[in-house]
Structure formats: C-alpha cells, structure tokens
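Chemist: Kindly return the folded structure for what I paste below:
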Amino acid sequence: MNTVVTSEIKTGELTFHWVTGYYDGVLSGFASWQGRLCYFEISEDTATNRRFSIHSLSDEEVLNAIQENEEFKARHGNHNDLLPDGSSAGGKCITTLKDAAAMGYEIASAMAADTWQPSDSYRLNPVIGWFTSTTF
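Modeler: Residues are numbered from 1 along each chain as shown. Modelled structure (predicted):
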C-alpha cells in the first residue's frame, strides 16, 4: 500500500471484519479501507472513547492474516467476527474448557522447547491513519 495518511479516517470509511484482541472492549483487529485489508490496534483509551491506529499490510501479510483467521475460526468458532459497522456479528465460541486447557499445555510445551512462534505482529507496519470509537 503506497498511500500514507496520518490523519483521522472516519469509521464510516472502514469496513470491519474481525477482532484479534479484546479486553473490556476491542483492542485490535482487521478492517478494510479503500478496498484494502488493514490492521488496527488501540493507541489511546479514555473515559469517553478509544483511538485506534490503522496499519498497512503487504500482500503477503494480507494472505497470512486471512489464513490465520480461518484457522482460528475452524478451531475456536466465529465469535471474533464483526459486522461491517464494527458491531459484533454474534458468532459462537466452540472451544471447550478441556480444549482450552490442552491448547494451553501445547503452547507452554512449545515455548519451553523454544519452538513456539507468535502470530505476525503488524504494529511496526506504517501507520496510515487513525479512528476513534465510542462503541468498541
């Protein structure tokens, strides 16, 4: 993506897709701007709203993000999906407590063996703009 915008992008210009981080509200996820998938993450949290930075993605990162989300949904459900306006799509989590405990063990074992790799981090990618939300 060659466009670099360092000003506000109105939420109406974004099409939201899925959440990757949530704690008392959305922390990060993916949305499209001008027809291109982008990563967003919280950069400021106040009592009245949250500001999110929007990061560009390379073609390879777009494909990786989509694949990772599809794998997540196959394993855990579609509860992280968003409607285009950013509201919850009302999906369902299919992970049981037993599954979650086993996955925790798998990750801990991989970390101990130094074979675990975190998901791609897009926060170091160029910031193309920001948006605020009172609903996230």
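
Chemist: Leu83: what's it in contact with?
Modeler: Phe16, Ala89 (CB atoms under 8 Å, 6 or more residues apart in numbering). Heads up, the C-betas are built off the backbone N, CA and C, glycines and all.

Chemist: ok, so what distance separates it from Phe52?
Modeler: The gap separating Leu83 from Phe52 is 17 Å, by CB to CB, to the nearest Å.

Chemist: pLDDT weak spots in the chain?
Modeler: 1-5, 97, 100-120 (pLDDT under 70).

Chemist: Not counting its neighbours along the chain, what's nearest the residue most central in space within the chain?
Modeler: Of all residues in the chain, the one closest to the mean position by CA atoms, centre = their mean is Gly29, 1.9 Å from it. Closest residue to Gly29 apart from its sequence neighbours, by CB to CB, 6 or more residues apart in numbering: Val19 at 4.2 Å.

Chemist: just checking, the one you found is part of a strand?
Modeler: Yes. Counting by DSSP: H, G, I helix; E, B strand; the rest coil, Val19 is part of a strand.
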